[in-house]
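I would like the atomic coordinates for the input below:
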Amino acid sequence: MILTKAELACLLEVETTVAQAKKIIRRNQLALNALKARQNKLIKLGCPHCSGYCTGCAYEVGKEGSDRISTWCLEYSFGGLTAHDIRVVELGEEDIEVFGANYPKTERDKAERWLKGHIEWGREVIRRAERKRRHSR
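Have a look, this model is predicted:
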């Protein structure tokens, strides 16, 4: 497991559908594959939560009282790392860019942990939705 219980609990507060979770998994798996292959790659798969300009963002959860209106997603921790800690991956509304060939192994290892944390989160969202669906029958 990459995510701590506290990280997972915080991430599960973010409203995430199964379709969004599948996109999270796909997006981060593609990025992870590029990273492991030491490729520089632009993946045209945007943030599953982003509606553009961060208005009405799902990440507003738990941020009441803040005057910030954007980029809260960058502050969420995955395996002890936030997007601010990762130099090898650049996130965008419409894409994700991986710079796997340009950084040393220590930086790629951090990015790998962070990406795997996203995949773990997506899988947990799907697992919980399936369990809920089975119990509601």
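
Can you list the low-confidence ranges for the chain?
By pLDDT under 70, the weakly predicted segments of the chain are 51-71.

biggest helix in the chain, by residue count?
When the chain is parsed with DSSP state H, its longest helix is helix 105-135.

can you give me how far it is from the chain middle?
Relative to its chain's centre, helix 105-135 lies at 8 Å (C-alpha atoms, centre = their mean, to the nearest Å).

OK, contacts around Glu107?
Neighbouring residues of Glu107 by C-beta atoms under 8 Å, 6 or more residues apart in numbering: Ile86, Arg87, Val88. Where C-beta positions appear, they are placed from N, C-alpha and C, glycine not excepted.

From those residues, list the buried ones, please.
Neighbour counting over those (16 or more other C-beta atoms under 10 Å) leaves Ile86, Val88 as the buried ones.

where does the residue minimising distance to the centre of the chain sit relative to Ile126, distance-wise?
By C-alpha atoms, centre = their mean, the chain has its centre lying nearest to His118, at 4.2 Å. Distance, His118 to Ile126, using C-beta to C-beta, to the nearest Å: 13 Å.

any residues in contact with both of those two?
Ile25.

rewinding a little: might one say that the residue nearest to the centre of the chain is in contact with Leu30?
No - counting by C-beta atoms under 8 Å, His118 stays clear of Leu30, with 11.4 Å between them.

measure Tyr103 to Ala9 for me?
Relative to Ala9, and taking C-beta to C-beta, Tyr103 is found at 31 Å.

More neighbours: which of those two?
The neighbour comparison of Tyr103 against Ala9 (other C-beta atoms under 10 Å) goes to Tyr103, with 18 against 10.

For the more buried one, which non-adjacent residue is spatially closest?
Nearest residue to Tyr103, sequence neighbours excluded (C-beta to C-beta, 6 or more residues apart in numbering): Val88, at 4.9 Å.

wait, that neighbour sits on Arg108?
Yes - at 5.7 Å, Val88 counts as touching Arg108 under the criterion of C-beta under 8 Å.

just the helices in this structure please.
For the chain, the helices defined by DSSP H occupy 5-12, 18-36, 105-135.

could those helices go into TSV alongside distance to Phe78?
Output for these, formatted as TSV (distance: least, C-beta to C-beta, whole Å):
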stretch	distance to Phe78
helix 5-12	7
helix 18-36	10
helix 105-135	3
